[in-house]
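1. Curious how this folds, go ahead:
(one chain, ligands or ions: 1)
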Amino acid sequence: TWSTENIIEREVTKIREQVGEGRAICGLSGGVDSAVAAALVQRAIGDRLTCVLVDHGLMRQDEVEQVEQDYVAATGVNLHIAREADRFLSALAGVTDPETKRKIIGREFIRAFEAAEAQVLLDAKADGAKVGYLVQGTLYPDIVESGGGEGAATIKSHHNVGGLPEDLEFELVEPLRELFKDEVREVGRQLGLPETIVGRQPFPGPGLGIRIIGEVTEHRLYILRRADAIARAELTAAGLDDQVWQMPVVLLADVHSVGVQGDGRTYGHPIVLRPVSSEDAMTADWSRLPSDLLARISNRITNEVEEINRVVLDVTSKPPGTIEWE
Ligand code: XMP
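-> Okay, the predicted model is just below:
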């Protein structure tokens, strides 16, 4: 549409003005925000953009591979994958407090970037450019909820806003900071990104780390990934992706409940489905999913993921509940 083209033109012009002949680096998270931000910056400055995917080990099933293949095929961006799962898991060992988890993941994320950043700075120096630029897919609602808006209180510390070390010689480029999610998707479509990326549900920067209630361990991630993949596949198969804003699947890792399977008693974990409908994530309502879809998800998860013996549905709106559990 005219207004989407207008947004693209405006942002491309702003990026060129800000970056000039400099070089930029962009972290790809697997989500639509960073994918669209990077595509905008690439349109503005071409191959002076380098994308980095920090694989923090907290991604959903097959997600890293999808960025590596689909996104790169669609955009042709230069992508470097930093495989850092061990670093994040060690830092998260023994940690259960949600804000502490978020801070640790945010901190490690920045550290994991340092090697790539250093390279961009070196390249910039070789070009005679003074600084490097760091592209972030920060949206308008992120800024408001992180206290960047006028008079807004900090609700949760979003790891993609602020928190950068002061001595970092990078200037932030945030081409989405005036946009809401639906506008970001339209911009992505207009830029030719595939629907698999543009239509993707929002996924938090801290990833599955804040969807495991309790300590994050490799085994718990393995459990959650399989359950989440089943829930997402069934939602897509039911043709309901467009009607659901996102559906976090949350593992209550410190809770056990008694069940029965075959002849035996089981003692497994409950998992929570949190399907919500929303316009911009600032408010949300729980999605009234068809009961036969819920039954299919529940049957498949309890049959296919042996550690889970109970599936529960979150029927809380936002407010008072946030979309994520942590
Ligand atoms: P809440 O849980 O605050 O989530 O209702 C609102 C929206 O933001 C996503 N979310 C995050 N996104 N970094 C992100 O990039 C984060 O730290 C983060 N925490 C929550 C959440 O999935 C929902 O779409």
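2. so where's the stretch 151-300 of the chain uncertain?
-> For the stretch 151-300 of the chain, the stretches flagged by pLDDT under 70 are 151-168.
3. Now do the contacts for residue 32.
-> The contact partners of residue 32, by CB atoms under 8 Å, 6 or more residues apart in numbering, come to 181, 184, 185, 188, 197, 198, 199, 200, 202. The C-beta positions use only the backbone N, C-alpha and C, and glycine is treated the same way.
4. any idea how far the second one lies from the ligand?
-> This means residue 184. In this view, residue 184 and the ligand are 12 Å apart by CB to the nearest ligand atom, to the nearest Å.
5. quick one: that residue and residue 33 touch, right?
-> Yes - using CB atoms under 8 Å, residue 184 makes contact with residue 33 at a distance of 6.1 Å.
6. Give me the common contacts of the two.
-> Shared contacts of residue 184 and residue 33, defined by CB under 8 Å, 6+ apart, are found at 137, 139, 176.
7. can you count the residues close to the last one?
-> By that I understand residue 176. Neighbours of residue 176 under the rule other CB atoms under 10 Å: 25.
8. where does it land in three-state SS?
-> Of the three states, residue 176 takes coil according to DSSP: H, G, I helix; E, B strand; the rest coil.
9. try residue 12
-> helix.
10. which residues does it contact?
-> Counted by CB under 8 Å, 6+ apart, residue 12 has contacts 40, 43, 44.
11. Give me the subset of those residues lying in helices.
-> Those of these mapping onto helices are 40, 43, 44, per DSSP state H.
12. any idea which of those residues is closest to the ligand?
-> Using CB to the nearest ligand atom, residue 40 is the member of the ones in helices among the contacts of residue 12 that lies nearest the ligand, at 17.3 Å.
13. can you list the residues of the stretch 201-326 of the chain near the ligand?
-> Within the stretch 201-326 of the chain, the residues that sit near the ligand (CB under 6 Å from any ligand atom) are 202, 204, 205, 206, 246, 281, 318, 322, 323, 324.
14. Next, the second one: secondary structure please.
-> It refers to residue 204. coil.
15. Please apply the same query to residue 192.
-> Following three-state DSSP, the label given to residue 192 is coil.
16. Go ahead and confirm residue 175 touches residue 13.
-> No - in this structure residue 175 lies outside contact range of residue 13 using CB under 8 Å: 10.6 Å.
17. neighbour count winner among those two?
-> The neighbour count for residue 175 versus residue 13, taken as other CB under 10 Å, is higher for residue 175 (28 against 11).
18. Need phi/psi at the more buried one.
-> phi -70, psi -10 (degrees, to the nearest 10).
19. Pull the contacting residues for it.
-> Contact partners of residue 175, counting by CB under 8 Å, 6+ apart, are 11, 14, 15, 37, 40, 41, 135.
20. would the third one count as being in a helix?
-> Yes - assessed by three-state DSSP, residue 15 belongs to a helix.
21. and it, what is it in contact with?
-> Residues counted as contacts of residue 15 (CB under 8 Å, 6+ apart) are 40, 41, 44, 45, 173, 175.
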